[in-house]
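> Provided below are the primary sequence and the corresponding predicted coordinates.
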Amino acid sequence: MGYSDENIASIRRDVDEWAICEQRERAGIIPSFKMVDTCAAEFAAATPYYYSTYRSRSSEISDNGKKKVAIIGGGPIRIGQGIEFDYCCVHGVMALQEEGVEAIMINNNPETVSTDYDISDRLYFEPLELEDVLNVLKAENVDGVICQYGGQTSVNLAIDLEKGLKGTKTKILGTTPDQMDVAEDRKRFTDLMRKLGVKQPPSGTAYSYDEASQIANEIGYPVLVRPSYVLGGRGMEIVYSDEELKVYMDTAVKVSRNHPVLIDKFISEAVEIDVDSVCDGEDVYVGGILEHIEYAGCHSGDATMAMPPYSLSDETIEEIVEINRKVALALEIKGLMNLQLAYKNGQIWMIEANPRASRTIPFISKATGVPLAKIGVKVMLGKKLKEFGLSGYKPIDHYAVKESVFAFLKLPGVDPILTPEMKSTGEVMGIDPDIHVACLKALTAAGTVLPTEGGVYITVCDADKPRAVNIAKTLVDMGFKIYATKGTSDYLRDHGVKSTVLFKHSQNMKPSAMDIMREGGINLLINTPSEHSGVIRDGHAMRRLAVELEIPYITTMNGAEMAIGAIAAERQGRMDVKSMQEYHQLTF
């Protein structure tokens, strides 16, 4: 009592978890499920909360003969596994109920909507571990279970759940666990992409530093390294040398001990693209294509995104739609799928495919009025996209911009630079026919107050200096005073833009940028670090001070150009308010 099947198997070592499970069930050591008494025995409780116990042989589960489907939630809300997946779970429950199916929710987070008393028909507060989830599914004898809506937590359970449910009537609904594994397993996925003719950055997998170093040197630095099967890009980094790779490999195995580290050639200055779609096995509907405003390398959960894409040609978008169609059909997707792509110099590269709900599903659904999560569940139940009048891709006639919300102010010392590892704790949306106004609305909603006058400090890497000239000229024309580091200032002067030189904190000379920031002379910071991570750390103190003084800061040229457009829109008073329904093309 008190030991899980997995723990007992690890202690004995001569049998696996499945053997322990079979022995336990044959011995009748099976939990019963009791309803939580929310009325303290004073009245009959009807709230459908259930918990497991081994203290009783009788369960309080009732069966009304209806078809039953369980949805596995995302567990405790945390960075990388947030409310977006809970949104999908709730809409999944609503879709099941609309189809006359009894909806059962398995989740162990009491502080989220999917575990509210009036959402599902029955709710189980159980750990999202294989043994506990199987106990619920077997006790309920459900017809199906959905593993696609709880993010990586539920997807990671799919293969073992299918094995544990063998011999029962319960089926994994939607995309099969084997096809989920094709998307997760680097070798199988690479083989599929080659078969489809879809380009991928050179890549490999490694369990040790020696393996990783060999792969990295073969494909060339910089490389993107990440543990497999983890949440929110946890442990994901861009590394530029064997020395940095050695440090990474010494720590990454602690993040994902039983899975390999994935190593990809990092495509610098590429445009990253997210695509969310629904497939019924025959037809594919692309719900939205989002262009990241930051370059590839910033986690999609942190990136500022715009839909429809604002810089891609119609031909490129058509190619993206076709890649999405081929991949969805090849993976035999039934339900939702998310693609992450990179675009550079006319080439589209596949980063990864996720055969599940994504954190951008709620954003796209709100921007378009098409409830993708609901439709995905109904497709899993056997409906076709044609029944909803959905097929192909139709871009919206307005812009929707997603801006992330961060808690850096509450985390002393944390560098606010964005990386492949997710850091945001929320997101907001701005909608408008003008992309700069949509961006202004999103930034305002996220708590970023862009200045309409004052001083702007510009310090950019050499590669960004040509673009910085146009930004600085635009700011000067709007009446801003430009401050810059000596190198940036010299470049601006050579190209006809006057600026005041400020010294870096590390130079110990006056006037320093940080002194002027503290005096209120700088109202916006544009700082693009060099690619090399060592230089990125040099600007840590300045970016950290900007956070503490609540000075808006921008760390990419794309973001700077978008922000300058937003400032112009603010100065011209172009921001207005409309209801979201005015922008929706379809009504469901």
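Good, I have the coordinates.

> And stretch 66-77, how far out from the chain middle?
Relative to the centre of its chain, stretch 66-77 is centred 20 Å away, using Cα atoms, centre = their mean, to the nearest Å.

> That should have said stretch 567-585, apologies.
26 Å.

> For that stretch, give the mean pLDDT please.
The average pLDDT within stretch 567-585 is 83.

> can you pull the pLDDT of residue 535?
At residue 535, pLDDT is 42.

> Look up how far residue 178 lies from residue 163.
11 Å (Cβ to Cβ, to the nearest Å). For every residue, glycine as well, the C-beta is placed using N, CA and C.

> Next: residue 414.
On the measure of Cβ to Cβ, residue 414 and residue 178 end up 40 Å apart.

> Compare neighbour counts for the two and give me the winner.
More crowded of residue 414 and residue 178, by other Cβ atoms under 10 Å: residue 414, with 16 against 13.

> hang on, isn't that one packed against residue 408?
Yes: Residue 414 lies in contact with residue 408 (Cβ atoms under 8 Å); the separation is 5.6 Å.

> so is residue 293 in a helix, a strand, or just coil?
For residue 293, the assignment made with DSSP: H, G, I helix; E, B strand; the rest coil gives strand.

> what kind of secondary structure is the spatially most central residue of the chain in?
Residue closest to the average C-alpha location in the chain (Cα atoms, centre = their mean): residue 301, at 4.0 Å. What three-state DSSP gives for residue 301 is coil.

> same question for stretch 266-273, mean pLDDT?
88.

> Endpoints of it, how far apart?
One end of stretch 266-273 sits 15 Å from the other (Cα to Cα, to the nearest Å).

> quick one: buried residues of that stretch?
266-267, 270-273 (16 or more other Cβ atoms under 10 Å).

> next SSE after the lowest-mean-pLDDT helix or strand in the chain?
Least confident helix or strand of the chain, by mean pLDDT, DSSP states H and E, is helix 533-538 with a mean of 46. Elements were assigned by DSSP states H and E; along the chain past helix 533-538, the next helix or strand is helix 540-548.

> Which residues outside that following helix are in contact with it?
408-409, 413-417, 459, 504-505, 513-514, 517-518, 525, 527, 551-553, 555 (Cβ atoms under 8 Å, 6 or more residues apart in numbering).

> can you rerun that using 7 Å?
The contact list for helix 540-548, computed with Cβ atoms under 7 Å, 6 or more residues apart in numbering, reads 408-409, 413, 415-417, 505, 513-514, 517, 525, 527, 553.

> per-residue confidence for residue 210?
Taking residue 210 on its own, its pLDDT is 89.

> Doesn't it belong to a strand?
No: under three-state DSSP, residue 210 falls outside any strand and is assigned helix.

> And it, how close does it get to residue 245?
Distance from residue 210 to residue 245, counting by Cβ to Cβ: 11 Å.

> And residue 430, by the same measure?
Here the distance between residue 430 and residue 245 works out to 39 Å (Cβ to Cβ).

> what do you get for residue 95?
45 Å.

> what do you get for residue 197?
Residue 197 sits at a distance of 31 Å from residue 245 (criterion: Cβ to Cβ).

> What of residue 569?
According to Cβ to Cβ, residue 569 and residue 245 sit 44 Å apart.

> So between those two, which is more surrounded?
Counted by other Cβ under 10 Å, residue 569 and residue 245 do not tie: residue 245 has more neighbours, with 25 against 21.

> pLDDT score assigned to the more buried one?
Here the pLDDT value assigned to residue 245 is 89.

> quick one: which helix or strand includes it?
Going by DSSP H and E, residue 245 is in helix 242-255.

> Ok, residue 421 next?
Per DSSP H and E, there is no helix or strand for residue 421.

> Neighbours of it, how many?
Residue 421: 19 neighbours (other Cβ under 10 Å).

> next one: residue 264
Quick note: residue 264 (other Cβ under 10 Å) scores 22 neighbours.

> the strands in the stretch 1-150 of the chain, which residues?
Under the criterion DSSP state E, counting those that start in this stretch, the stretch 1-150 of the chain carries strands at the ranges 32-35, 49-53, 68-72, 102-106, 122-124, 144-146.

> Save the ones you listed as TSV, and put in distance to residue 325 and mean pLDDT too.
Shown next, in TSV, are these (distance: least, Cβ to Cβ, whole Å; pLDDT from 0 to 100):
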stretch	distance to residue 325	mean pLDDT
strand 32-35	43	89
strand 49-53	42	88
strand 68-72	27	97
strand 102-106	31	96
strand 122-124	37	93
strand 144-146	23	98
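
> Distance to residue 564 and mean neighbour count added to those, as CSV?
Formatted as CSV, the strands of the stretch 1-150 of the chain follow (distance: least, Cβ to Cβ, whole Å; neighbours: other Cβ atoms under 10 Å):
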stretch, distance to residue 564, mean neighbour count
strand 32-35, 58, 18
strand 49-53, 52, 17
strand 68-72, 44, 26
strand 102-106, 46, 25
strand 122-124, 49, 24
strand 144-146, 44, 26
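
> which non-adjacent residue is nearest residue 52?
In space, and not counting its chain neighbours, residue 52 is closest to residue 31: 4.0 Å by Cβ to Cβ, 6 or more residues apart in numbering.

> Quick check: that neighbour touching residue 135?
Yes: judged on Cβ atoms under 7 Å, residue 31 makes contact with residue 135 at a distance of 5.4 Å.

> Quick check: neighbours shared by those two?
With Cβ under 7 Å, 6+ apart, residue 31 and residue 135 have common neighbours residue 52.

> who's in contact with residue 109?
So residue 109 contacts 73, 75-77, 115 (Cβ under 7 Å, 6+ apart).

> do the same with residue 393
286, 321.

> Over to residue 74?
81, 85-86, 150-151, 153-154.

> Now for residue 462, how many residues are close by?
Counted with other Cβ under 10 Å, residue 462 comes out at 10.

> how close does it sit to residue 506?
Applying Cβ to Cβ to residue 462 and residue 506 gives a distance of 18 Å.

> Residue 430 belongs to a strand?
Yes: counting by three-state DSSP, residue 430 is found in a strand.

> Pairing partners for it in the sheet, please.
Beta-bridge partners recorded for residue 430 (DSSP bridges): residue 401.

> What is the neighbour count of it?
So residue 430, with other Cβ under 10 Å, has 23 neighbours.

> so it sits right up against residue 401, yeah?
Yes: under the criterion of Cβ under 7 Å, residue 430 makes contact with residue 401 at 4.7 Å.

> Quick check: neighbours shared by those two?
Joint contacts of residue 430 and residue 401 (Cβ under 7 Å, 6+ apart) are 438-439, 442.

> Give me the subset of those that lies in helices.
438-439, 442 (DSSP state H).

> And the helix holding residue 245, what does it pack against?
If you count contacts as 3 or more Cβ pairs under 7 Å, 6 or more residues apart in numbering; DSSP states H and E, helix 242-255 packs onto helix 209-219, strand 223-227, strand 237-239.

> Could you export the ones you listed as a markdown table, including distance to residue 455?
Converted to a markdown table, these look like this (distance: least, Cβ to Cβ, whole Å):
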| stretch | distance to residue 455 |
| --- | --- |
| helix 209-219 | 42 |
| strand 223-227 | 36 |
| strand 237-239 | 32 |
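
> Please consider this matter closed, and thank you.
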